[in-house]
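[1] sequence and predicted structure below; questions after.
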Amino acid sequence: MRHVRVPRYSSVAEAIRAEISSADFRTGDLLPSEADLGSRFGVSRITVRKALEILRGEGLVESQQGRGWVVTRAPLRQVLGEFATIEHQLEEIGVVPRRRIVASRVITATGRLEEVLGGGELLEVTRVNLADGSPFAKVTVWVPSFLGKGLSIADLEHRSFYELLSASHLLKRPLKRAVQTIAGVTIADADADLLGVASGVPGLLCERITFDEGDHPVLFSRSLFPASMAVFEIELTPALDSVTPTGLRLMESS
């Protein structure tokens, strides 16, 4: 097997990214100087600068006049296995969540949407989720249009679909559980603009189907996160004969 050599600046970027992810640095913290980072990693300042430019493209750091390199956004953590919104989990750790609606329209279900939610008309809502004012996810939600009847933009920005539907007399059975899948993607130009990151950076695409007590699918959503900005945690209990991650599904190579 041919050994592929990773550029040194990529290794330096990964090391700094890991420290930001592990909360060694927080939003607003000043990174060590380029000279100090060069000494620490045993590389030139040019290599350090290339590494920091990678992190700038991911939206993790920025260069501020007179200060140096500053952490702009630390990764957000969501615990899987809890039937809760990410906004609720952010509030619990003192982060202020906000939603900005990008588009709202009624469409006819086709393809994957028809497969999950059945035929008919759906309300499609696209929004950007923000944490302390900084975008961290693009979210698109689909729900049967009769369940979204009467919802205003203000409703959609100030309350989650879980809250809105749970309070609606139109939902006959309470929401009970959700199934979520996560896959790696590359963030396209339009989505990069919304999220404030460079086009082409790695992303995580999360699909979630939410079911009611009758086990009928009610909500379908797709959430796109810059990979450097999101950490998903799940507690695994040991199986008798395997340590393979629960829910792992191997994809066929193209």
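    Cool, got the structure. What you are looking at is a predicted structure, and each value in this text was computed from that prediction instead of being measured. Residues are numbered from 1 along each chain as shown.

[2] contacts and neighbour counts: CA atoms only from here.
    Will do.

[3] name the SS class of the most centrally placed residue in the chain, please.
    The centroid of the chain falls nearest to F225 when counting by C-alpha atoms, centre = their mean (2.9 Å). Recorded secondary structure, F225: strand (DSSP: H, G, I helix; E, B strand; the rest coil).

[4] from L55, how far out is the closest residue to it other than its chain neighbours?
    For F225, ignoring the flanking residues on the chain, the nearest one in space by C-alpha to C-alpha, 6 or more residues apart in numbering is A137 at 4.7 Å. A137 sits 17 Å away from L55, going by C-alpha to C-alpha, to the nearest Å.

[5] what's stretch 12-25 in contact with?
    26, 31, 41, 48, 51-52, 54-55, 71, 74-75, 228, 231 (C-alpha atoms under 8 Å, 6 or more residues apart in numbering).

[6] quick one: low-confidence ranges for the stretch 101-250 of the chain?
    234-250 (pLDDT under 70).

[7] 50 instead?
    240, 242-244, 248, 250 (pLDDT under 50).

[8] show me where it has helices.
    111-117, 153-158, 161-166, 189-195 (DSSP state H, counting those that start in this stretch).

[9] who's more crowded, A137 and L55?
    A137 (25 against 22; other C-alpha atoms under 10 Å).

[10] pretty sure the more buried one contacts V197?
    No. With contacts counted by C-alpha atoms under 8 Å, A137 stays clear of V197, the gap being 11.1 Å.

[11] list the residues that contact both of these two?
    Common neighbours of A137 and V197, counting by C-alpha under 8 Å, 6+ apart, are P226.

[12] ok, now which ones touch the closest residue to I182 other than its chain neighbours?
    Among residues not flanking I182 along the chain, C206 sits closest, at 4.4 Å (C-alpha to C-alpha, 6+ apart). Neighbour list for C206: Q180, T181, I182, A183, S221, R222, S223, L224 [criterion: C-alpha under 8 Å, 6+ apart].

[13] tell me which residues form a beta bridge with the nearest residue to the first one once chain neighbours are set aside?
    Computed as C-alpha to C-alpha, 6+ apart, the closest residue to Q180 that is not its neighbour in sequence is R208, at 4.3 Å. The residues listed as beta-bridge partners of R208 by DSSP bridges are Q180, S221.
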